[in-house]
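Enquirer: Just to be clear, the model below is a prediction. Sequence and coordinates:
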Amino acid sequence: MDRLIEAINNVQNPSVVGLDPTEALVPPQVVASFADEVRDSVDSLDELPAAQLAVAYFEFNRTIIDAVADIVPAVKPQIAMYEALGPAGVDVYTMTCEYAAQQGLYVLGDVKRGDIGSTAAAYAHHLNGVAAASEDDNAFDPWHEDAVTVNPYLGTDGITPFVEAATEADKDIFVLVRTSNPSSSELQMLDLADGKKVYEHVADLVEGWGAETIGEHGYSRVGAVVGATHPEEGRALRARMPHTFFLVPGYGAQGGTAQDVAGMFDADGSGALVNSSRGIIGAWKKSGKYSESLSADEALDLVAESARQAALDMRDALRIAVYR
Ligand SMILES: O=c1ccn([C@@H]2O[C@H](COP(=O)(O)O)[C@@H](O)[C@H]2O)c(=O)[nH]1
């Protein structure tokens with residue numbers, strides 16, 4: 001986690017921009033502008049809509065990355081949005097991760113993987129890449145992620161391969177502990193025989209999974225996902241998990257505020273990274289400046305200007321609430 005913490009310190013901003021494009025979040029004239037280019041590149045017309053959206057997603061992401069790269073430490077592409085488009089979308093996911101990394105950003109791949117150990121080992125190649133062909137070669141990293149999110153439902157043997165791959169590649173993982181969604185309590189708040197809630201038991205496991213990997217800043221490679229929509233539990237988890245860095249989604253579009261997440265930071269104002277996706281990449285829709293008559297370039301300029309302003313507003317709100 002040291003690289004992430006240093007990136008946050010460099011910009012004095014503990015927030016991450018979620019790159020979760022959907023057709024509704026990309027201005028239609030941007031999508032339309034790729035029609036001719038894509039028509040020439042597909043094998044069959046059936047592929048056209050997905051291919052066209054995928055190219056538009058990349059241009060949209062590149063615009064946002066360029067607009068925020070100097071003020072945020074990290075981006076979090078959500079792989080579901082890209083997988084929805086098939087192979088063209090997955091290509092754009094990896095291209096987005098690579099482009100963000102080239103701009104100096106920490107890239108947190110929200111892939112939420114989890115499976116039995118042997119399969120988890122294959123998923124963990126998101127972190128340590130494809131093995132080198134010989135001792136003289138480097139592993140090939142097609143994903144360009146610095147961290148991935150992991151689902152703990154399968155227990156320790158589903159997590160260990162990720163911890164090993166993260167350690168080998170100097171990367172990190174973030175394990176779901178107390179998620180931000182409305183139904184999260186159905187499982188996570190259940191009482192266990194020993195008096196703990198399920199999410200508290202998972203929290204204790206996460207703290208243990210990371211114990212051998214604590215870095216210079218006191219946090220391990222095994223982070224936790226804790227929703228901004230659970231401020232009280234997040235504050236309690238901060239005390240319970242002193243060596244676990246938090247990824248905090250649920251800010252903005254899901255209702256979480258800077259005040260809600262303040263208790264998830266440690267006494268030094270470190271220990272957490274707050275995500276906003278739709279609140280930043282969709283800010284152009286709420287700007288009051290959008291019109292169908294804008295050209296594709298003008299629409300992308302509006303996307304950039306609105307995303308940057310939303311990211312600055314989030315940064316400033318977090319600075320007031322956290323770096324008190
Ligand atoms: O508990 C969780 C875990 C992950 N997420 C992901 O974060 C973003 C949130 O998007 P917003 O548009 O800012 O609501 C999205 O990729 C989720 O899959 C989460 O929301 N909650």
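Expert: Arrived safely, thanks for sending.

Enquirer: Specify the local secondary structure of the residue positioned nearest the centre of the chain.
Expert: What sits nearest the mean C-alpha location of the chain, by CA atoms, centre = their mean, is Lys76, with 2.6 Å. Assigned state for Lys76: strand (three-state reduction, DSSP: H, G, I helix; E, B strand; the rest coil).

Enquirer: which ones are touching it?
Expert: Taking CB atoms under 8 Å, 6 or more residues apart in numbering, we find Lys76 in contact with Val16, Val17, Gly18, Leu19, Leu108, Gly109, Asp110, Leu247, Asn275, Ser277. C-beta: built from backbone N, CA, C; applies to glycine.

Enquirer: Go back to the residues you listed and keep what's next to the ligand.
Expert: The subset of the contacts of Lys76 within reach of the ligand, counting by CB under 6 Å from any ligand atom, consists of Gly18, Asp110, Asn275, Ser277.

Enquirer: so what's the third one bridging to?
Expert: By that I understand Asn275. Val16 (DSSP bridges).

Enquirer: So which residues make contact with the helix or strand bottoming out on mean pLDDT in the chain?
Expert: In the chain, no helix or strand scores lower on mean pLDDT, DSSP states H and E than helix 35-39, which sits at a mean of 85. For helix 35-39, the external contacting residues (CB under 8 Å, 6+ apart) are Leu48, Ala51, Gln52, Val55.

Enquirer: ok, of the residues you listed, which come out buried?
Expert: The neighbour count (16 or more other CB atoms under 10 Å) marks Ala51, Gln52, Val55 as buried among these.

Enquirer: Can you give me the neighbour number for the residue nearest to the second one when sequence neighbours are not counted?
Expert: Spatial nearest neighbour of Gln52, excluding adjacent residues (CB to CB, 6 or more residues apart in numbering): Val38 at 4.5 Å. Neighbour count of Val38, defined by other CB atoms under 10 Å: 20.

Enquirer: So Val38 versus the ligand, what's the distance?
Expert: Per CB to the nearest ligand atom, to the nearest Å, Val38 is found 26 Å from the ligand.

Enquirer: Return the distance of that residue relative to Leu45.
Expert: Noted for Val38: a distance of 11 Å to Leu45, by CB to CB, to the nearest Å.

Enquirer: which residue ranges form the helices in the stretch 1-150 of the chain?
Expert: Residue ranges of the helices in the stretch 1-150 of the chain, as given by DSSP state H, counting those that start in this stretch, are 2-11, 28-32, 35-39, 48-68, 79-83, 87-102, 117-123, 125-128.

Enquirer: Just give me the lowest mean pLDDT stretch among those.
Expert: Of all the helices of the stretch 1-150 of the chain, mean pLDDT reaches its minimum on helix 35-39 (a mean of 85).

Enquirer: Now do the buried residues in stretch 126-133.
Expert: His126, Leu127, Asn128, Gly129.

Enquirer: In PDB, list the C-alpha atoms belonging to it.
Expert: Coordinates of the C-alpha atoms in stretch 126-133 are reproduced here as PDB (Å, rounded to 0.1, in the frame of the first residue of the first chain):
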ATOM      1  CA  HIS A 126      -4.400  -9.900 -12.800                       C
ATOM      2  CA  LEU A 127      -1.600  -8.900 -10.500                       C
ATOM      3  CA  ASN A 128       1.500 -10.900 -11.400                       C
ATOM      4  CA  GLY A 129       0.800 -11.300 -15.100                       C
ATOM      5  CA  VAL A 130       1.500 -14.200 -17.500                       C
ATOM      6  CA  ALA A 131       4.700 -16.100 -16.500                       C
ATOM      7  CA  ALA A 132       7.800 -15.300 -18.400                       C
ATOM      8  CA  ALA A 133       8.900 -17.800 -21.100                       C
END
